[in-house]
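Engineer: Attaching a predicted model along with its sequence, questions to come.
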Amino acid sequence: LPITRVAAVDLGAGSGRVILAELADGHLALTEAHRFETPGLIDPETGEQCWDVATIEAEVRRGIAAAEALAPLDSVGCDTWGVDFVLLDGEGRRIGPAVAYRDKRTDGMMDAVFARIAPDEIWRRTGIHFQPYNTLYQLAAVAAQHPDRLARARHLLMMPDWLHYCLSGAITNEFTIATTSQMLNLETGDWDPALLALVGAAPGLMKTPVAAGTVIGEHVLPSGRRIKVVAPGGHDTASAVAAAPLGGPDEAFLSSGTWSLMGIESPAPFTGPDARRFNFGNEGGVCGRRRVLKNLMGLWLIQGVRKEMGGPAFADLVAAARAAPAWTSVIDPDDPRLLNPRSMVATLRQLCAEAGEPLPDGLGPLARCVFDSLALDYARVKDELEVLRGAPLTRIRIIGGGSQNTLLNQLCADACRLPVSAGPVETSALGNACLQMMALGAIGSLEEARAVVRGSFAVTDHRPGDLVPDAVHARFRAAVARSAARPRA
Ligand code: ADP
Ligand code: LRH
């Protein structure tokens, strides 16, 4: 059998990588060709917090060339974080900066949108969870703050679509990333005309989404050789879950990176009152699946602590947390003040003070506060998922960079009182590569892709050990209730 080689471009909000994936004799091997910190910038005119898309494009091109230097590629495909986009004019030129989802331009925008359409109606149309940074509210901000940009725009490309455009010139919108916008109609799978009109977006601004695994164009390598461009699951979480070695419908996934995305895979969406009440979303998956999940603040919190504490290695940070006393300071990790705080450390301490918890001091206690709080959050979502599906879960599969955190994996098992399996680490790149290989005919189905992943990568199991006492869960629930009762800015 011939060897199939693809380049998976995977951009997380924390770091980007280009990975060479090689399939030979039913075995998949990954080689990292290039890695970089996802560059951001402040727009000099508006002060908006943006992605440095020129540098991102250059890094991606460099990475693809580096992968090709390792072995001749058959194709390339890109996945990125959700919700962010680029506007293009009629000549294909970018309009304005690529503003990042944590920028404060969306402050107050949810309420502005809700004044014109009831949130229940948005939910009925999209089945997507409410987050202030969803594309819907970002576009409402563009309409309010820069109407000229929207008036000139002829295309809206989500970040992976924009990368595909840079690489091939093809203008497409891919389905999985489109669902993160909260503007795709759950029933039609196409952009919802009422929501487009609401933000003043022309009907043709986005194209009818193509399915993950579609060949959308060609990329010309520096050598002049042409390779296929395949849209994988453009949303990194869709790609990650595509490659998650889920053992059946009773297993939950926890995609652990800058965010913690926790949920279940389902053939049908969950649109009932429990899903709405708990704020679960039904994101579009590959091959007709849905991800019924929740966005939790995740390792963004530890990234912030790390930055303010002199940038220790993640392994040292985990060791410091392990040495600190357990379940001492617990907070609600999803408090909106943690989305983009001036100081992560000061805000974590402030939340501890408000919850009547001891103030963590120093690297170990701060990291411990983050990991303990995240583990308790996972337990809360586990309970909610069990209510939603009316049946217990049997295992949690942690995938992504955060699956290397053996302390957090164990805390998750102890708090959720369930077995945890950790790995693979580069699941987004893996799922991206698998969908490319399906488009190339080298892998027959998603089931086969998951079997290949299972046979090619080891996972580490954690059994529940020191179960977390009920009193700790109660302290956590009190912190969450306090945070929910706070008036929103
Ligand atoms: P994203 O793609 O969202 O940027 P990743 O999946 O790359 O995120 O995960 C990054 C996170 O993984 C880091 O914030 C860190 O918390 C965790 N991580 C990375 N390496 C290690 C390690 N060696 N030990 C423990 N945690 C790690
Ligand atoms: C994780 C992720 C997540 C959300 C967020 C904005 O990287 O894609 O699923 O969409 O970024």
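Structural biologist: Perfect, thanks for sending it. Ligands and ions are numbered 1, 2, ... in the order given.

Engineer: now Arg486, nearest residue through space, not along the chain?
Structural biologist: Spatial nearest neighbour of Arg486, chain neighbours left out: Asp335 (8.0 Å); criterion: CB to CB, 6 or more residues apart in numbering. Quick note: C-beta positions are derived from backbone N, CA and C, even for glycine.

Engineer: Over to Val452?
Structural biologist: Closest to Val452 by CB to CB, 6+ apart is Leu28, at 5.2 Å.

Engineer: Mind telling me what element that neighbour is part of?
Structural biologist: Secondary-structure element containing Leu28, defined by DSSP states H and E: strand 27-37.

Engineer: check whether that strand contacts ligand 1.
Structural biologist: No. Judged by CB under 6 Å from any ligand atom, strand 27-37 stays clear of ligand 1, getting no closer than 9.1 Å.

Engineer: re earlier: for the residue nearest to Arg486, give me its contacts.
Structural biologist: Each residue near Asp335 by CB atoms under 8 Å, 6 or more residues apart in numbering is listed here: Leu351, Ser483, Arg486.

Engineer: how close does it get to Lys382?
Structural biologist: Asp335 sits 20 Å away from Lys382, going by CB to CB, to the nearest Å.

Engineer: And Ala481, by the same measure?
Structural biologist: 18 Å.

Engineer: When the two are compared, which one has more neighbours?
Structural biologist: A direct count of neighbours by other CB atoms under 10 Å for Ala481 and Lys382 places Lys382 higher, at 20 against 10.

Engineer: Next one: the more buried one from Val220, what distance?
Structural biologist: Applying CB to CB, the value for Lys382 to Val220 is 48 Å.

Engineer: same check, this time on Leu348
Structural biologist: 48 Å.

Engineer: before we move on, back to that, ok, now which ones touch the residue nearest to Val452?
Structural biologist: Ala21, Glu22, Leu430, Ala433, Cys434, Val452, Val453, Ser456, Phe457.

Engineer: so what's it bridging to?
Structural biologist: Going by DSSP bridges, Leu28 is paired in beta bridges with Leu23.

Engineer: per-residue confidence for it?
Structural biologist: On pLDDT, Leu28 comes in at 98.

Engineer: now swap in the one 4 residues further on and tell me
Structural biologist: The predicted local distance difference test score for Glu32 is 98.

Engineer: for the stretch 351-489 of the chain, what spans make up the strands?
Structural biologist: Secondary structure of the stretch 351-489 of the chain (DSSP state E, counting those that start in this stretch): strands at 395-399, 420-422, 460-462.

Engineer: Pretty sure His129 sits in a helix.
Structural biologist: No. Membership of His129 in a helix is not supported by DSSP: H, G, I helix; E, B strand; the rest coil, which gives coil.

Engineer: Quick one: residues contacting it.
Structural biologist: By CB under 8 Å, 6+ apart, the neighbours of His129 are Gln182, Asn279, Phe280, Gly281, Lys294, Asn295.

Engineer: Grab the nearest non-local neighbour of the residue in the chain positioned nearest to ligand 2.
Structural biologist: Residue of the chain nearest ligand 2, by CB to the nearest ligand atom: Gly82 (2.5 Å). Leaving aside its sequence neighbours, Gly82 sits nearest to Thr180 (CB to CB, 6+ apart; 3.4 Å).

Engineer: The one you found and Leu136 touch, don't they?
Structural biologist: No. The criterion here is CB atoms under 8 Å, and Thr180 misses it with Leu136 at 10.1 Å.

Engineer: In a markdown table, list the strands of the stretch 351-489 of the chain along with mean neighbour count.
Structural biologist: Below are the strands of the stretch 351-489 of the chain laid out as a markdown table (neighbours: other CB atoms under 10 Å):
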| stretch | mean neighbour count |
| --- | --- |
| strand 395-399 | 25 |
| strand 420-422 | 25 |
| strand 460-462 | 15 |
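
Engineer: Turn those strands into JSON lines, including distance to ligand 1.
Structural biologist: Converted to JSON lines, those look like this (distance: least, CB to the nearest ligand atom, whole Å):
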{"stretch": "strand 395-399", "distance to ligand 1": "8"}
{"stretch": "strand 420-422", "distance to ligand 1": "11"}
{"stretch": "strand 460-462", "distance to ligand 1": "12"}
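
Engineer: okay, those in a markdown table with mean pLDDT and distance to ligand 2 next?
Structural biologist: Below are those laid out as a markdown table (pLDDT from 0 to 100; distance: least, CB to the nearest ligand atom, whole Å):
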| stretch | mean pLDDT | distance to ligand 2 |
| --- | --- | --- |
| strand 395-399 | 98 | 12 |
| strand 420-422 | 98 | 18 |
| strand 460-462 | 98 | 22 |
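
Engineer: would you list these in a markdown table and tack on distance to Met206?
Structural biologist: Shown next, in a markdown table, are those (distance: least, CB to CB, whole Å):
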| stretch | distance to Met206 |
| --- | --- |
| strand 395-399 | 29 |
| strand 420-422 | 37 |
| strand 460-462 | 41 |
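
Engineer: Of those strands, which is nearest Gly200?
Structural biologist: strand 395-399 (38.4 Å; CB to CB).

Engineer: how far does the closest one sit from the chain's center?
Structural biologist: Relative to its chain's centre, strand 395-399 lies at 16 Å (CA atoms, centre = their mean, to the nearest Å).

Engineer: Does anything pack onto it? Which helices or strands?
Structural biologist: When contacts are defined as 3 or more CB pairs under 8 Å, 6 or more residues apart in numbering; DSSP states H and E, strand 395-399 packs onto strand 251-256, helix 406-416, strand 420-422.

Engineer: Between strand 251-256 and it, find me the angle.
Structural biologist: Here the directions of strand 395-399 and strand 251-256 differ by 30 degrees (axes from the mean of the first three to the mean of the last three CA atoms, to 10 degrees).

Engineer: ok, and what's touching strand 395-399?
Structural biologist: With contact meaning CB under 8 Å, 6+ apart, strand 395-399 is reached by 240-241, 243-247, 250-256, 262, 378, 382, 409, 412-413, 416, 418-425, 427, 459.

Engineer: Can you list the strands that that strand pairs with?
Structural biologist: Short version: by DSSP bridges, strand 395-399 pairs with strand 251-256 (parallel), strand 420-422 (parallel).

Engineer: can I get those in TSV with distance to Val370?
Structural biologist: Output for the strands paired with strand 395-399, formatted as TSV (distance: least, CB to CB, whole Å):
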stretch	distance to Val370
strand 251-256	13
strand 420-422	18
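
Engineer: Give me the secondary structure label for the residue nearest to Arg105 when sequence neighbours are not counted.
Structural biologist: In space, and not counting its chain neighbours, Arg105 is closest to Ala141: 4.3 Å by CB to CB, 6+ apart. With three-state DSSP as the basis, Ala141 sits in helix.

Engineer: Can you give me the distance of Ala141 to ligand 1?
Structural biologist: Computed as CB to the nearest ligand atom, to the nearest Å, the Ala141 to ligand 1 distance reads 23 Å.

Engineer: show me what contacts that residue?
Structural biologist: With CB under 8 Å, 6+ apart, Ala141 has these contacts: Arg105, Thr106, Met109.

Engineer: Got a quick PyMOL command for the buried subset of those?
Structural biologist: Here is the PyMOL selection string for the buried members of those, based on 16 or more other CB atoms under 10 Å:
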select buried, resi 105+106+109
